[in-house]
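A.B. asks: kindly return the folded structure for what I paste below:
(chains A and B)
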2 protein chains.
Amino acid sequence: MQYEELADLAQQLRADAVRAADAAGSGHPTSSLSAADLAAVLLAHHLRYDFDHPDHPGNDRFVLSKGHATPLLYALYRAAGAIDDEELLRYRTLDSRLEGHPTPRLPWVDVATGSLGQGLPVAVGMALAGQCLDRVPYRVYVLSGDSEMAEGSVWEAVEHASYNHLDNLTLVVDVNRLGQRGPTRHGHDLDAYARRLYAFDWHVVEVDGHDVQAVDSAFAEARSTIRRPTAILARTYKGRGVEAVEDREGKHGKPVPDAEAALAELGGVRNRRVTVQPPPEGKVLLAVEDTEPELPRYDTGDTVATRTAYGQALEALGSARGRVVALDAEVGDSTRAEYFAKAHPDRYFECYIAEQQLVAAAVGLQARGYVPFASSFAAFLTRAHDFVRMAAVGRAGINLVGSHAGVSIGQDGPSQMGLEDLAMFRAVHGSTVLYPCDANQTARLVAAMADLDGVRYLRTTRGDTPVIYGPDEEFPVGGSRVLRHGHHDKATVVAAGITVHEALKAADLLAEYGIPVRVIDLYSVKPVDAETLNDAAGQTGCLLTVEDHHPEGGLGDAVAEVFADGRPAPRTARLAVRNMPASATPEEQLHAAGIDADAIAAAVRLLVERVVAH
Amino acid sequence: MQYEELADLAQQLRADAVRAADAAGSGHPTSSLSAADLAAVLLAHHLRYDFDHPDHPGNDRFVLSKGHATPLLYALYRAAGAIDDEELLRYRTLDSRLEGHPTPRLPWVDVATGSLGQGLPVAVGMALAGQCLDRVPYRVYVLSGDSEMAEGSVWEAVEHASYNHLDNLTLVVDVNRLGQRGPTRHGHDLDAYARRLYAFDWHVVEVDGHDVQAVDSAFAEARSTIRRPTAILARTYKGRGVEAVEDREGKHGKPVPDAEAALAELGGVRNRRVTVQPPPEGKVLLAVEDTEPELPRYDTGDTVATRTAYGQALEALGSARGRVVALDAEVGDSTRAEYFAKAHPDRYFECYIAEQQLVAAAVGLQARGYVPFASSFAAFLTRAHDFVRMAAVGRAGINLVGSHAGVSIGQDGPSQMGLEDLAMFRAVHGSTVLYPCDANQTARLVAAMADLDGVRYLRTTRGDTPVIYGPDEEFPVGGSRVLRHGHHDKATVVAAGITVHEALKAADLLAEYGIPVRVIDLYSVKPVDAETLNDAAGQTGCLLTVEDHHPEGGLGDAVAEVFADGRPAPRTARLAVRNMPASATPEEQLHAAGIDADAIAAAVRLLVERVVAH
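C.D. replies: Just a heads-up that it's a prediction; the model follows:
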């Protein structure tokens, strides 16, 4: 395209953005207007993309980090012929796939955005896939706002990208100087951003973001830059092209006041159709033959930490399946992801202590068809909560593994104890939450989770625990195991992970008092085995849950949910970590928290006596 | 002290660190040995601190961001005469206040650390207090590891500190080149850190961290630098002084192999006592006279968004109480914190889009005696989950307010909807979770939460809702309101926030069917009003919870917990957001999620029929 045509295309995008938001009665046209020239040049001159085949392995990727600028994104889709005008004008309405912020409900959207500061971190995962795994020279483009440069996650990604020489990655920052509630920290001081990015070893281009020729050159410069990612810092004006809103405060996130006048100002509706360059022919991903993993096998009676079984199972899974990858946040020796690292260094991504980047890279990798396992301490995965939430919005399939869960870690104290991870992961839409108690069970669950949809979370334990299951036993997701069972059970103890072993000891203690109890290993916390719990409730009359977690949101709540179906509910009670722990041995911790065998036995006795008394 | 004495003091700290970890059988001596010279010089020559009066307003603050280096911290305390040798050697044992990572159980620790990358962000809050509020020239020192420089939260803080010209802040980075599992990203490349920090407008000093004279000069340089914070980048060796571990991999987080040999190498145990410089005399905080806030008053029958009531109540609270401060993450126009900003600009802190820094600054400000209110979209507070978790570990008293909760925000779609915030905040140890449904209730709860302990969370709604309570009504934390009530109630609907209004409409619908129902406004989600719920269960037989939140961890679980006390439980059912929402109007969203009046009425009828059928 000639530059005049590019400029005209940009005006078309502006007009469409104004129309879409006006039709919807909401949305962010002003944030779209600033970036229209950038988007027009990218679409018409640089992006290589087959809109009919969004899964083409050679396609470039485009991530709209400033996810609120969907009027622009959908205008681009119309210009590319991917959607028609009628669909554009159903923006933000019930049942429209053109949501307020983009999600992969649209075939051309790889990841959901809309929580700022996430586009670049996720794009780093895609660029890593392109460079290290796919070995296909697609490029990854990110369009970011200037406000979101304040997010720390952006700087985790900036550091990761240059350290890994991701020259297939281009960040375009739409520096329109205005955030939601007023000027950004650095306003139009492009140098402020340039200095920072340059110090982080990026190639940086500063450009007038409304000069299509200059923007075109900047993209060309990015494509020809090797060994470094490139940031294009574009000086723009929010609301560009519509005088009533251009460069004015208080115009964020609302339609322009007079759409008709704005359209006249922009030169009216156009129907320019862009022929987007196709991806290069002949680039295909290597077919990877999956085999059945040879999972590690542990002997019953031995003691093995479930975190160790995780690492060894992951190594085996990696040997059987070439698309399984692992990510670490500088604790691979603790989570035991290092087993995978040693066996498959080419598929292991060290993210250093940057848990947001850890999860974001996993999201980016799964968007390229990989099966990522990302692990850290359970406690530190809270750092990535917003990325996990957005992964669910984006229908991403990722495996997250949190080690060092609960007070049973011992002396290190509460800052290192994951005591809210079950609550966090249960509340994620469509998630799976698994909490194995022994090594063989862990290995099986690691293999099973790889094939599920959505966010999958596995919780592991620091200390060695007895191997109580044989290596050939199966543990379906959504199931449970009844470990003690008799016709005269007077109560049921529901445990998972470390507390399973305490529950078994408690059952022995209670047997001495003549109180037979059922013990359920609820290794699948979500989905939960309602049938077995219902049977236990019906047959034993009361349930006691025991968890190495705060009382809210974990095992107790998972069991309670089963009985919130309008039917008569059993008596229940719950043991959980109710006080703030300090330093002590693992045994002392379990005792102090009131979740060890003695506490369980005492609670069951109380519960049984109450049942009798009523 | 002479430099030889300083070096000898450093050796004492090393010997004590080795002894403490050896006695405990765990801990991080090697991470302590690298920083011993830095700590010795700071304590003996630069820190101004009265260990007998840790609350002295003129005291400098010291934050150990590398919180695992407690052997060094406690060795410092012994050198300062604050603890004795006997206590030092009970490190990490049951009932000892010398925990694995520091907490404010110790009077000289202001904030808990141990999740890396949090020390600097929290210190920024303290430094802001010193510069903008206390107007006392204390300095804030942070000792950080090099690995944690990978955390994005550090760069949020770096940006915030220089933008606010916090020259009272000094960051010391102990660049010992080794992380937990191996070399850090930048190893001993001090220039890599220096370039980045310099680009963010910091003053930077590079120094040999084992040369006490050079370190002394660096601290002096930091103290004389104006208008900029200073980073002292210290090149050190992990395990310094103990040959068996010095600069070796695989030595993180464990006692040295032969403590006796190490002590001999270090010159044995010393008992050097440091006379720490006292803070300057005559510096006192201004006494602030609190008055009763004149809360905003809303007329019943009007419609007002609870977020607006939050902003207006906060403004009123700020007028009555001089130590109330507010923090924003660039959404003050949406959260309505802008009311406070306009009335009290000197106590309003704009953190831009950096939610970790938002919460961290609140933690730092409360450590200096302020009452911070930090607000953002409920969805984006998940970004700060780890900071909230650590605030609880540190017994910090902070107020967090999340707006735009739930599907009722409408068109913006799921990325902007807080649907897991109740789960997140309920699972925080010692937290309070409030969710008002009208403007007067909001105002009262905003005033009430300011005086509570721990992490307090208030959830607000985007849209206007009817004012149903008078301005003089009271809403004690831990209470609830019974809005509909009769002798023949056949079921109870438990709602909060937006769903209260749907529940009231449903009660009207059900009355037409001849089904009287009780309606409870459960505005205090944690602590929860067990008595009222128990009464309702006993009198109506069944409870239906309705929440604009995912089914896990929110209102339904809060109610379930009440009945997990071993007694017979009522029939319960729950309505919550079970599908992934898209864009639609608020009314369409509530309907699609199955939490509107129609859905409530239908569910109650099912529940009542079931009760009758049984």
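A.B. asks: from here on, just use CA atoms for contacts and neighbour counts.
C.D. replies: OK.
A.B. asks: can you tell me what sits against the lowest-mean-pLDDT helix or strand in chain A?
C.D. replies: Among the helices and strands of chain A, helix A:597-613 carries the lowest confidence by mean pLDDT, DSSP states H and E, at a mean of 88. The contact list for helix A:597-613 (Cα atoms under 8 Å, 6 or more residues apart in numbering or on different chains) reads A:490-491, A:493, A:502-507, A:509-510, A:515, A:541-542, A:544, A:546, A:573, A:575, A:591, A:594, B:566-567.
A.B. asks: what about 6 Å?
C.D. replies: Residues outside helix A:597-613 that contact it (Cα atoms under 6 Å, 6 or more residues apart in numbering or on different chains): A:Glu502, A:Ala503, A:Lys505, A:Ala506, B:Gly566.
A.B. asks: for these, which one is nearest B:Pro255?
C.D. replies: A:Glu502 (29.6 Å; Cα to Cα).
A.B. asks: surely that closest one is within a strand?
C.D. replies: No. Using DSSP: H, G, I helix; E, B strand; the rest coil, the secondary structure at A:Glu502 is helix, not a strand.
A.B. asks: distance of the nearest residue to it once chain neighbours are set aside relative to chain B?
C.D. replies: Excluding its sequence neighbours, the residue lying closest to A:Glu502 (Cα to Cα, 6 or more residues apart in numbering or on different chains) is A:Ala597, at 4.5 Å. As judged by Cα to the nearest Cα, to the nearest Å, A:Ala597 and chain B stand 18 Å apart.
A.B. asks: picking up where we left off before, which among the contacts of helix A:597-613 gets closest to A:Asn168?
C.D. replies: Using Cα to Cα, those come closest to A:Asn168 at A:Glu502, 52.2 Å.
A.B. asks: sorry, back to before: relative to the whole chain's centre, how far out is the least confident helix or strand of chain A?
C.D. replies: 41 Å (Cα atoms, centre = their mean, to the nearest Å).
A.B. asks: equivalent analysis for stretch A:174-188, please.
C.D. replies: With Cα atoms, centre = their mean, you get 28 Å for stretch A:174-188.
A.B. asks: hmm, back to that, of the contacts of helix A:597-613 - the most surrounded one?
C.D. replies: Most neighbours among those, by other Cα atoms under 10 Å in any protein chain shown: A:Ala503, with 32 neighbours.
A.B. asks: and the gap between that one and B:Glu561?
C.D. replies: Remark: distance between A:Ala503 and B:Glu561 (Cα to Cα, to the nearest Å) = 21 Å.
A.B. asks: check A:Asn399 too.
C.D. replies: The spacing between A:Asn399 and B:Glu561, counted by Cα to Cα, is 30 Å.
A.B. asks: got it, and A:Asp146?
C.D. replies: 44 Å.
A.B. asks: now do A:Thr540
C.D. replies: 20 Å.
A.B. asks: check what pLDDT the spatially closest residue to A:Glu281 that is not a sequence neighbour gets.
C.D. replies: Spatial nearest neighbour of A:Glu281, excluding adjacent residues (Cα to Cα, 6+ apart): A:Gly58 at 7.8 Å. Looking at A:Gly58, its pLDDT reads 94.
A.B. asks: try A:Pro568
C.D. replies: 87.
A.B. asks: got it, and A:Val433?
C.D. replies: pLDDT at A:Val433 comes out at 98.
A.B. asks: that one contacts A:Val528, doesn't it?
C.D. replies: No. Taking contacts as Cα atoms under 6 Å, A:Val433 lies outside contact range of A:Val528: 9.1 Å.
A.B. asks: more neighbours: the two, which one.
C.D. replies: A:Val433 (28 against 23).
A.B. asks: what's downstream of the helix or strand harbouring the more buried one, the next helix or strand?
C.D. replies: Using DSSP states H and E, A:Val433 falls within strand A:432-434. Next helix or strand after strand A:432-434 toward the C-terminus (DSSP H and E): helix A:439-449.
A.B. asks: sorry, back to before: which one's more surrounded, A:Asp146 and B:Glu561?
C.D. replies: A:Asp146 (27 against 21).
A.B. asks: any chance you could map the strands in the stretch 451-600 of chain A?
C.D. replies: Remark: strands assigned in the stretch 451-600 of chain A by DSSP state E, counting those that start in this stretch are A:455-459, A:464-466, A:481-484, A:491-495, A:517-521, A:524-526, A:542-546, A:571-575.
A.B. asks: just send the ones you listed back as CSV, with mean pLDDT and mean neighbour count too.
C.D. replies: CSV is the format used below for those (pLDDT from 0 to 100; neighbours: other Cα atoms under 10 Å in any protein chain shown):
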stretch, mean pLDDT, mean neighbour count
strand A:455-459, 98, 27
strand A:464-466, 98, 18
strand A:481-484, 98, 16
strand A:491-495, 98, 28
strand A:517-521, 98, 25
strand A:524-526, 98, 27
strand A:542-546, 97, 28
strand A:571-575, 97, 24
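A.B. asks: take those strands and write them to CSV, including distance to chain B.
C.D. replies: Converted to CSV, the strands of the stretch 451-600 of chain A look like this (distance: least, Cα to the nearest Cα, whole Å):
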stretch, distance to chain B
strand A:455-459, 14
strand A:464-466, 17
strand A:481-484, 21
strand A:491-495, 11
strand A:517-521, 16
strand A:524-526, 10
strand A:542-546, 8
strand A:571-575, 4
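A.B. asks: for B:Glu151, which of those strands is the nearest?
C.D. replies: Closest among the strands of the stretch 451-600 of chain A, using Cα to Cα: strand A:455-459, at 22.4 Å.
A.B. asks: which helices and strands sit right next to that closest one?
C.D. replies: strand A:398-403, strand A:432-434 (3 or more Cα pairs under 6 Å, 6 or more residues apart in numbering or on different chains; DSSP states H and E).
A.B. asks: rerun that using 10 Å as the cut-off
C.D. replies: With contacts taken as 3 or more Cα pairs under 10 Å, 6 or more residues apart in numbering or on different chains; DSSP states H and E, strand A:455-459 sits against helix A:306-320, strand A:371-377, helix A:385-393, strand A:398-403, helix A:421-426, strand A:432-434, helix A:439-449, strand A:524-526.
A.B. asks: nearest to A:Pro104, of those?
C.D. replies: helix A:385-393 (8.7 Å).
A.B. asks: output the closest one as CSV, nothing but the C-alphas.
C.D. replies: C-alpha atoms of helix A:385-393 as CSV (Å, rounded to 0.1, in the frame of the first residue of the first chain):
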residue,chain,number,x,y,z
HIS,A,385,-3.2,-14.9,40.8
ASP,A,386,-4.3,-12.4,38.2
PHE,A,387,-2.5,-14.3,35.5
VAL,A,388,-4.2,-17.5,36.6
ARG,A,389,-7.6,-15.7,36.6
MET,A,390,-7.0,-14.4,33.1
ALA,A,391,-5.8,-17.8,31.9
ALA,A,392,-9.2,-19.1,32.8
VAL,A,393,-10.9,-16.2,31.0
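A.B. asks: tell me the angle of it relative to strand A:398-403?
C.D. replies: 150 degrees (axes from the mean of the first three to the mean of the last three Cα atoms, to 10 degrees).
A.B. asks: tally of neighbours for the closest residue to A:Gly394 other than its chain neighbours?
C.D. replies: Residue nearest to A:Gly394 in three dimensions, not counting chain neighbours: A:Ala112, with 4.4 Å by Cα to Cα, 6+ apart. Neighbour count of A:Ala112, defined by other Cα under 10 Å: 29.
A.B. asks: shaky segments in chain A?
C.D. replies: A:282-286, A:611-614 (pLDDT under 70).
A.B. asks: that one - how does it break down into domains?
C.D. replies: Using automatic domain parsing, the domain parsing of chain A gives A:3-105+A:112-265, A:303-466, A:481-613.
A.B. asks: which residues are in contact with the strand holding A:Val433?
C.D. replies: Applying Cα atoms under 10 Å, 6 or more residues apart in numbering or on different chains, the set of residues contacting strand A:432-434 from outside is A:399-401, A:421-423, A:425-426, A:442, A:445-446, A:449, A:452-460, A:477-478, A:496-497, A:522-528, A:554.
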